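>>> okay, predicted coordinates and the sequence, questions at the end:
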Amino acid sequence: MEKITLLLVVFVVFVTTAQTTIEKISEIEPLERMCVYNDKLYFEADDGINGAELWVTDGTSAGTQMFKDFNPNGHGYPYNFTVYNDKLYFHVNDGIHGYELWVTDGTISGTQILKDINPNGHGAPNGFTEYNGKLYFSATDGVNGTELWVTDGTTTGTQMAKDINPNGDGNPFHFIEYNDKLYFVANDGINGQELWTTDGTAAGTQMVKNINQNGHAYPDLFVEYNDKLYFRAYNGVNHELWVTDGSTAGTQMFKDVIPTANQRLVEYNGKLYFGADDGVNGIELWVTDGTIAGTQMFKDINPNGDSTPLFLTKYNGQLYFSANDGVHGNEFWTTDGTVAGTQMVKDINPNGDGNPIDFIEYEDKIYFKANEGVNGIELWESDGTEAGTIKIAPTIATGVSPLEDNNYFIIFQDELYFVAAFDGSGRSLWKISNPTAFVDEINPIKISLYPNPAQDQLYIHTPEEIKEIKLISFTEQLLQTWQNTTTLYISNYAQGVYFLQISTENSSTVEKIIKK
């Protein structure tokens, strides 16, 4: 009960629709991507006093605090958070060892440097990826350059896996597990940036194929589909769509078509969708079923130029993305896998580009950032229909482009967290929740509550006979149940927002109340 009371006292809640609430969690602004670990959310933040350090939140204002000041004389800059073996790994600078590999079990005493990889500088561990029970990453020991490293969670088990480039930096990155091996991009100093693989042994760490004989292949956009690994690579002429089965002979250009950079290849309805340019129709939506014949432009959305479909995201049985049809600007689009079913959902900005980006599915809706041409980049939600695609913000929102500097969304404890500057106090940590989603609301009752806000007693008036009333906290916890009454005594509850689920013989509804 104490946790519930604290939560309701410190939260400021703004209800924007019958289902969606937006709340400010803290004035603190997460500076880098957040990570869920051990039922808490960890992130880098700067409170203006201690520098950029490691912070943590349990989803409440009171439970949002600096976890550890790693560098009392400067910035720790914790980054690259990764959960492995029930612990949180990251790199941070404590002002003594430089940027090195650290680990925490969620306690201060259990937070320590795992290994000082570069005793004379920064080990700069990066790109953590779990494979075969171990954690692989790139790092430099100050002698061998930036190479492939591995850890089993112990100091002695943290070591260089292979010196890929004996004369410089191997720079391994873009790690992805496929077919029981780890694939990545690396430079051996001879062949440039090419496709590499490892089975966890030095001997089994080798280049798959030298795709560009005269320079770098720059492989990226990796995705596994139909038991093969698809990616984009530069063959010395163009960036093309490539595929590999893990063998040298089985690594080849799949189709003479250029996938769009900075996007994702997405499997949907058994096929792979992506944006690409065939040199004739511009950058359009393409699809493949894994065969050459089945790889083709799906739809020429912009017959007079590039539609540039981006941010392909699956939601509610369809594929959503941003695209420009040459008439409405860059707007919110969808496809059900048919040409006829590929259409604009909504023209968010009738006078320019809506530029919807950063899609994420949450609570049966899709959320994203967009610009309607009035107040800049704001938060939007959609149920997939034009009417159900709306801008949402707390009632006190005053800032211009409140989500301009929000780089991502993250779901934690069934709530959607993000950075916004809604209330004029700068960028802060906010969240969206759906506290009444668990209620089956049918045939809503005609009802009045008074007084509301209430301090001691709350009276309910309705033409129907009330069978049961449930008092529910904002965190969806059942606090009390009344039966066959229209007078509620709530003096023993703390100030804040609550919900009443009121049921009659044939009806049910949810009402918000405020305890003062």
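Okay, I see it. Numbering: from 1, shown residues only.

>>> isn't residue 343 right next to residue 331, touching?
No. Counting by C-beta atoms under 8 Å, residue 343 does not reach residue 331; the two are 10.5 Å apart. Just so you know, the C-beta spots here come from the backbone N, C-alpha and C atoms, and that holds for glycine as well.

>>> strand partners of the helix or strand hosting residue 312, parallel vs antiparallel please.
Remark: residue 312 resides in strand 310-315, with elements defined by DSSP states H and E. Strand pairing for strand 310-315, determined by DSSP bridges: strand 318-324 (antiparallel).

>>> just the CA atoms of the strand holding residue 312, as PDB, please.
Output in PDB follows, covering the C-alpha atoms of strand 310-315 (Å, rounded to 0.1, in the frame of the first residue of the first chain):
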ATOM      1  CA  LEU A 310      11.100   4.000 -44.600                       C
ATOM      2  CA  PHE A 311      10.500   2.800 -41.100                       C
ATOM      3  CA  LEU A 312       8.600  -0.400 -42.200                       C
ATOM      4  CA  THR A 313       6.800  -1.600 -39.100                       C
ATOM      5  CA  LYS A 314       4.300  -4.500 -38.600                       C
ATOM      6  CA  TYR A 315       1.200  -3.600 -36.700                       C
END
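
>>> centre of the chain to it, how far?
On the basis of C-alpha atoms, centre = their mean, to the nearest Å, strand 310-315 is displaced by 13 Å from the centre of the chain it belongs to.

>>> could I get the average pLDDT for that strand?
Averaged across strand 310-315, the pLDDT comes to 95.

>>> likewise stretch 408-425?
For stretch 408-425, the mean pLDDT works out to 90.

>>> also stretch 465-476?
So the average pLDDT for stretch 465-476 ends up being 79.

>>> doesn't residue 114 lie inside a strand?
Yes. With DSSP: H, G, I helix; E, B strand; the rest coil as the criterion, residue 114 is assigned to a strand.

>>> check contacts around it.
Residue 114 makes contacts with 89, 100-103, 151, 153-155, 158, as judged by C-beta atoms under 8 Å, 6 or more residues apart in numbering.

>>> just the buried residues from the residues you listed, in ChimeraX please.
Command for ChimeraX that selects the buried part of the contacts of residue 114, burial taken from 16 or more other C-beta atoms under 10 Å:
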select :89,100,101,102,103,151,153,158
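
>>> in a markdown table, list the contacts of residue 114 along with pLDDT.
Converted to a markdown table, the contacts of residue 114 look like this (pLDDT from 0 to 100):
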| residue | pLDDT |
| --- | --- |
| 89 | 98 |
| 100 | 98 |
| 101 | 98 |
| 102 | 98 |
| 103 | 98 |
| 151 | 98 |
| 153 | 97 |
| 154 | 97 |
| 155 | 97 |
| 158 | 98 |
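
>>> now intersect the contacts of residue 114 with the strands, please.
Among these, the members falling in strands (DSSP state E) are 89, 100-103, 151.

>>> how close does residue 430 sit to residue 29?
Counting by C-beta to C-beta, to the nearest Å, the separation of residue 430 from residue 29 is 10 Å.

>>> quick one on the thing from earlier: possible to save the contacts of residue 114 as JSON lines with distance to residue 515?
Listed next are the contacts of residue 114 as JSON lines, based on distance: C-beta to C-beta, whole Å:
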{"residue": "89", "distance to residue 515": "43"}
{"residue": "100", "distance to residue 515": "49"}
{"residue": "101", "distance to residue 515": "48"}
{"residue": "102", "distance to residue 515": "43"}
{"residue": "103", "distance to residue 515": "43"}
{"residue": "151", "distance to residue 515": "50"}
{"residue": "153", "distance to residue 515": "47"}
{"residue": "154", "distance to residue 515": "52"}
{"residue": "155", "distance to residue 515": "53"}
{"residue": "158", "distance to residue 515": "53"}
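
>>> more neighbours: which of residue 430 and residue 29?
Set residue 430 next to residue 29 and count neighbours by other C-beta atoms under 10 Å: residue 430 wins out with 24 against 20.

>>> before we move on, the earlier item: shared neighbours of residue 430 and residue 29, anything?
Both residue 430 and residue 29 are contacted by residue 419, under the criterion C-beta under 8 Å, 6+ apart.

>>> surely residue 250 and residue 244 touch.
Yes. Using C-beta under 8 Å, residue 250 is in contact with residue 244, at 5.8 Å.

>>> who has more neighbours, these two?
Neighbours were counted for residue 250 and for residue 244 using other C-beta under 10 Å; residue 244 has more, 26 against 13.

>>> do you know how far that one is from residue 419?
With C-beta to C-beta as the criterion, residue 244 and residue 419 are 38 Å apart.

>>> if you count surrounding residues, which of residue 343 and residue 331 has more?
When residue 343 and residue 331 are compared for neighbours, residue 331 comes out ahead with 23 against 13, by other C-beta under 10 Å.

>>> check what pLDDT that one gets.
At residue 331, the pLDDT value in this model is 98.

>>> which helix or which strand is home to it?
Assigned by DSSP H and E, residue 331 belongs to strand 330-335.

>>> go through the next helix-or-strand element following that strand and flag the buried ones.
Per DSSP H and E, the first helix or strand lying C-terminal to strand 330-335 is strand 343-346. Using 16+ other C-beta under 10 Å as the test for burial, strand 343-346 gives 344-346.
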